[in-house]
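A.B. asks: no sequence on this one, just coordinates:
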């Protein structure tokens with residue numbers, strides 16, 4: 001699909017954060033110690049936005065359905081939404097004085113850890129009209145779907161296919177929130193290796209959704225479909241910042257999957273986008289590099 005392609009949009013729904021990214025750091029902090037980072041990046045974050053930015057870069061029109069963070073971080077987030085060309089028409093600003101949604105990301109040259117402040121609703125009230133005319137709904141994290149399970153029925157009634165990222169949430173991963181029926185209701189589910197292993201340990205079936213795609217970081221990805229497991233190895237690169245790599249993988253994967261491309265090509269494009277993502281600072285820092293793939 002070309003950069004200038006137009007067509008039915010993809011709606012990306014989920015929590016929107018302002019990311020404060022400290023990367024790279026010489027080591028991960030531990031209790032009672034302090035670590036100093038030479039670099040700090042402030043940018044829009046959250047799986048829904050980063051996936052939407054990747055899709056938009058690849059020529060797939062994307063809209064964001066989220067609550068816009070409170071001041072003083074709103075300007076940073078809105079700047080990045082505009083820069084990436086993501087349509088915010090389905091998003092809504094939180095009330096003045098609301099507690100801001102912030103993620104602190106700390107990363108070394110292999111991986112990253114997050115500390116997030118979650119505030120209020122993940123997204124505005126959802127209506128059938130909001131989904132009308134779209135082609136696909138991507139939900140940025142499993143926890144947001146547990147808070148808005150009505151998304152499944154509304155999307156199906158509108159004729160949309162559905163994908164779902166996992167994202168780590170302690171209550172979900174400790175089995176305190178039932179998620180098996182929600183995951184089974186989507187077309188593509190995108191856990192990472194740690195999340196997948198944890199869900200299996202909770203007793204969920206290996207085939208979680210119609211198509212389960214496991215993001216394996218630097219190793220690439222593997223997918224479980226009707227013909228069994230299929231693996232795609234990724235090429236090694238120097239990691240600048242791993243924030244959002246899995247979300248950009250999803251954008252690349254969906255850009256091919258939505259055109260009925262072969263699974264091997266879906267995985268390859270996902271790996272390409274994830275590989276470019278880790279070579280730039282910020283979740284959507286590789287936007288221009290993604291555009292070059294379109």
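C.D. replies: Received, thanks. Worth saying up front: this structure is predicted, and the values here are computed from it rather than measured.
A.B. asks: all the helices of the stretch 51-200 of the chain, residue numbers only.
C.D. replies: 74-83, 128-131, 142-147, 150-157, 170-173, 180-184, 193-201 (DSSP state H, counting those that start in this stretch).
A.B. asks: show residues contacting the last one.
C.D. replies: The contact list for helix 193-201 (C-beta atoms under 8 Å, 6 or more residues apart in numbering) reads 166-168, 173, 179, 183, 191, 206, 208, 212, 214-217. From N, CA and C alone the C-beta is placed, and that goes for glycine too.
A.B. asks: same list, those residues, but as TSV with pLDDT, neighbour count and distance to residue 289 please.
C.D. replies: As requested, the contacts of helix 193-201 are exported to TSV (pLDDT from 0 to 100; neighbours: other C-beta atoms under 10 Å; distance: C-beta to C-beta, whole Å):
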residue	pLDDT	neighbour count	distance to residue 289
166	97	26	25
167	94	26	24
168	93	17	27
173	94	19	32
179	96	21	34
183	97	19	31
191	98	25	25
206	91	10	34
208	92	22	31
212	98	22	28
214	98	22	24
215	98	26	19
216	96	20	21
217	92	19	19
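A.B. asks: ok, those vs residue 107, which is closest?
C.D. replies: Using C-beta to C-beta, residue 217 comes nearest to residue 107 of these, at 12.1 Å.
A.B. asks: tell me how far that closest one lies from residue 62.
C.D. replies: 24 Å (C-beta to C-beta, to the nearest Å).
A.B. asks: same question, residue 252
C.D. replies: Counting by C-beta to C-beta - residue 252 and residue 62 are separated by 13 Å.
A.B. asks: sec struct for the nearest residue to residue 257 once chain neighbours are set aside, please.
C.D. replies: Nearest in space to residue 257, with sequence neighbours left out and distances taken as C-beta to C-beta, 6 or more residues apart in numbering, is residue 266 at 4.8 Å. On the three-state scheme (DSSP: H, G, I helix; E, B strand; the rest coil), residue 266 is labelled helix.
A.B. asks: can I assume residue 266 is in contact with residue 259?
C.D. replies: No. Taking contacts as C-beta atoms under 8 Å, residue 266 lies outside contact range of residue 259: 9.4 Å.
A.B. asks: and these two? Which one has more around it.
C.D. replies: The residue with more neighbours, out of residue 266 and residue 259, is residue 266; 26 against 11, by other C-beta atoms under 10 Å.
A.B. asks: contacts only, for the more buried one.
C.D. replies: 223, 253, 254, 256, 257.
A.B. asks: repeat that for 6 Å
C.D. replies: Contacts for residue 266 (C-beta atoms under 6 Å, 6 or more residues apart in numbering) come out as 253, 256, 257.
A.B. asks: how close does it get to residue 52?
C.D. replies: Per C-beta to C-beta, residue 266 is found 18 Å from residue 52.
A.B. asks: what of residue 195?
C.D. replies: 21 Å.
A.B. asks: neighbour-wise, which of these two wins?
C.D. replies: Taking neighbours as other C-beta under 10 Å, residue 195 and residue 52 compare with residue 52 leading, 36 against 22.
A.B. asks: list the residues that contact the more buried one.
C.D. replies: Residues near residue 52 by C-beta under 6 Å, 6+ apart: 12, 62, 64, 86.
A.B. asks: make it 10 Å
C.D. replies: When contacts are counted by C-beta atoms under 10 Å, 6 or more residues apart in numbering, residue 52 touches 9-14, 16, 46, 60-66, 81, 84-88, 138, 140, 247, 251, 284.
A.B. asks: grab the nearest non-local neighbour of the residue nearest in space to the middle of the chain.
C.D. replies: Nearest to the mean C-alpha position of the chain, by C-alpha atoms, centre = their mean, lies residue 47 at 2.6 Å. In space, and not counting its chain neighbours, residue 47 is closest to residue 140: 3.5 Å by C-beta to C-beta, 6+ apart.
A.B. asks: quick check, residue 44 in a strand?
C.D. replies: Yes. Assessed with three-state DSSP, residue 44 lies in a strand.
A.B. asks: so how far is residue 248 from the closest residue to it other than its chain neighbours?
C.D. replies: Leaving out its chain neighbours, the residue that sits closest to residue 44 by C-beta to C-beta, 6+ apart is residue 80, at 3.7 Å. Distance from residue 80 to residue 248, counting by C-beta to C-beta: 14 Å.
A.B. asks: for those two, indicate the residue with more neighbours.
C.D. replies: residue 248 (34 against 24).
A.B. asks: how about the more buried one, what does it touch?
C.D. replies: 47, 50-51, 53-55, 57-58, 270, 272-278, 280, 283-287, 289-290.
A.B. asks: any common contacting residues for residue 252 and residue 62?
C.D. replies: Shared contacts of residue 252 and residue 62, defined by C-beta under 10 Å, 6+ apart, comprise 51, 54, 55.
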